[in-house]
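*Asks:* 3D, please:
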Amino acid sequence: MSLAWRALRALRLRLLGPAKELVGTDQFGNKYYRVPKHETRAGRIIPERRFVEAVNREAYQYQTGDFPTEWEAWIRRKRKDPPTIEEILRNENYREEMKQKIKDVSEKDKLLQSKEYKEGLVAEPGHTQVKGHASAPYYGKEEPSEDPTSTANTFQPGAWMPPGSGSSQNK
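*Replies:* Numbering: from 1, shown residues only. As a prediction, the model looks like this:
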């Protein structure tokens with residue numbers, strides 16, 4: 001490498017900081033990079049930066065779960081070293097095994113419950129049918145009530161009296 005090339009490289013490093021380093025790629029083709037810790041011209045220390053360049057994605061299209069959890073943990077600094085392909089595949093197989101075990105246990109539980117219901121060991125759950133919403137003024141009724149009705153044209157201030165009060169308040 002020539003002296004001029006080294007000088008230009010050192011100048012770029014001093015002005016712009018170090019270049020990004022490719023750390024790894026996941027099974028979807030996403031590329032993971034890091035920019036190492038460095039010092040600026042002014043002497044300020046910039047910490048290591050980790051980021052991902054997603055395949056065919058814009059920043060606004062990113063959703064949690066689009067990247068393997070192992071890489072997500074590395075980007076968020078929950079782990080020091082980047083994951084290996086073998087580790088990611090091993091964890092993915094483990095997750096699939098757990099999903100299958102959960103499905104099997106759920107099916108066994110449903111069969112056991114139905115057997116217990118048939119034998120009368122356990123009472124079947126009551127089925128309730130909800131009509132409307134509890135906060136609605138006509139909850140449980142077929143439709144909203146028509147009374148009381150009032151319009152702004154017939155309102156008279158002081159004319160309304162609570163039911164059952166009559167003239168007993170004036171005593």
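*Asks:* Could you pull out the buried residues of the helix or strand harbouring residue 97?
*Replies:* Under the criterion of DSSP states H and E, residue 97 resides in helix 85-119. Using 16 or more other C-beta atoms under 10 Å as the test for burial, helix 85-119 gives residue 88. Every residue, glycine included, has its C-beta placed from N, CA and C.
*Asks:* Domain map for the chain?
*Replies:* 8-83, 84-124 (the TED database).
*Asks:* I'd like to know which of those lies nearest to residue 164.
*Replies:* Evaluated with C-beta to C-beta, these place domain 84-124 nearest to residue 164, the distance being 45.2 Å.
*Asks:* Could I get the average pLDDT for that closest one?
*Replies:* For domain 84-124, the mean per-residue pLDDT is 91.
*Asks:* Low-confidence stretches in this protein?
*Replies:* Scanning the chain for pLDDT under 70 picks out the ranges 1, 13-17, 57-60, 64, 127-152, 155-156, 158-160, 165-171.
*Asks:* list the contacts for residue 18?
*Replies:* Shown in contact with residue 18 (C-beta atoms under 8 Å, 6 or more residues apart in numbering): 35, 36, 38.
*Asks:* Just the ones of those residues in strands?
*Replies:* If you go by DSSP state E, the contacts of residue 18 have 35, 38 in strands.
*Asks:* Sort out which one of the contacts of residue 18 lies nearest residue 114 for me.
*Replies:* residue 35 (58.9 Å).
*Asks:* any idea how far the closest one lies from residue 73?
*Replies:* 19 Å (C-beta to C-beta, to the nearest Å).
*Asks:* Looking at the two, which has the bigger crowd around it?
*Replies:* Counted by other C-beta atoms under 10 Å, residue 35 and residue 73 do not tie: residue 35 has more neighbours, with 16 against 13.
*Asks:* doesn't residue 22 make contact with the more buried one?
*Replies:* No. Using C-beta atoms under 8 Å, residue 35 is not in contact with residue 22, being 11.3 Å away.
*Asks:* No further questions, thank you.
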